[in-house]
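Asker: I need the structure of the sequence given here:
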Amino acid sequence: MTDAPKTLLLYAHPYPDRSRANRALLESARGLAHVDVRVLYDRYPDFCIDVAAEQSALRAAERVVWQCPLYWYSVPALLSLWFEKVLAHGWAYGTGGDALKGKRALWVTTTGAPESAYAPGQMHARPFADYIPPVEHTARFCGMTWEPPMIHHGALRASDETLRAWAAQYRARLSEREVRDG
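Answerer: Next up is the predicted model:
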């Protein structure tokens, strides 16, 4: 879609070769003309983030996508550091910090376990919705418009057919002109 919003996709997976699901999702996004893909672990293997470059990329985007696996009930370490360094006081929040105001934010994440594992009495003991607020509030704190996240459970055992369906859904979502607010 030619009038789709300019999207900055920040991909953060510390072990990308181990994730068929994240690879399928990422490949479905590459090739969309309006999507700028930045693979954080390739760019910053030493965790030395170029804050000015990242902020420049954010300025050019209308929508920001954080794609990553769920790691210890949060985002991977490099994406967490990216939040800390790039979303700086006076730039992304606080006095004068309105650089991201009104930009759309989407979290796309995968879990190894099935959705049923995220329930009382199950492996992860809590509903998955309990793990969304830190990422959601990071976006909202910066004045961003939160889009309902895309959560793909059971990625470790997903069939090729399931991965193709997830990839098609992701590509369609990235191409939407109108975005739902969550």
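
Asker: Let's check: the centremost residue of the chain is which one?
Answerer: Centroid-nearest residue in the chain: residue 66, 1.7 Å away (criterion: CA atoms, centre = their mean).

Asker: Is that residue part of a helix or strand, or is it coil?
Answerer: Using DSSP: H, G, I helix; E, B strand; the rest coil, the structure places residue 66 in strand.

Asker: mind listing what it touches?
Answerer: By CB atoms under 8 Å, 6 or more residues apart in numbering, residue 66 lies in contact with 10, 12, 75, 79, 105-108, 135. Yep, even glycine has a C-beta here, placed from its N, CA and C like the rest.

Asker: residue ranges for the strands of the protein, please.
Answerer: Applying DSSP state E to the chain gives strands spanning 7-11, 35-39, 63-69, 104-110, 145-146, 150-152.

Asker: could these go into a markdown table alongside distance to residue 17?
Answerer: Below are those laid out as a markdown table (distance: least, CB to CB, whole Å):
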| stretch | distance to residue 17 |
| --- | --- |
| strand 7-11 | 13 |
| strand 35-39 | 12 |
| strand 63-69 | 13 |
| strand 104-110 | 15 |
| strand 145-146 | 31 |
| strand 150-152 | 18 |
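
Asker: do you know how far the residue of the chain positioned farthest from its centre is from residue 157?
Answerer: Distance from the centre of the chain peaks at residue 121, with 28.4 Å (CA atoms, centre = their mean). Noted for residue 121: a distance of 21 Å to residue 157, by CB to CB, to the nearest Å.

Asker: How about residue 91?
Answerer: Computed as CB to CB, the residue 91 to residue 157 distance reads 41 Å.

Asker: rewinding a little: from the contacts of residue 66, keep the buried residues only.
Answerer: Taking 16 or more other CB atoms under 10 Å as the criterion, what is buried in the contacts of residue 66 is 10, 12, 75, 79, 105-108, 135.

Asker: that older thread, residue 91 and residue 157: which is more packed in?
Answerer: The neighbour count for residue 91 versus residue 157, taken as other CB atoms under 10 Å, is higher for residue 91 (18 against 10).

Asker: is it true that the more buried one touches residue 101?
Answerer: No. With contact defined as CB atoms under 8 Å, residue 91 does not count as touching residue 101 (11.2 Å).

Asker: Just the mean pLDDT for the lengthiest helix in the chain, thanks.
Answerer: Ranked by number of residues, the top helix in the chain under DSSP state H is helix 160-175. Mean pLDDT, computed over helix 160-175, is 97.

Asker: now the helices: where do they sit in this protein?
Answerer: With helices called from DSSP H, the chain shows them at 20-29, 40-43, 51-60, 77-86, 133-141, 160-175.
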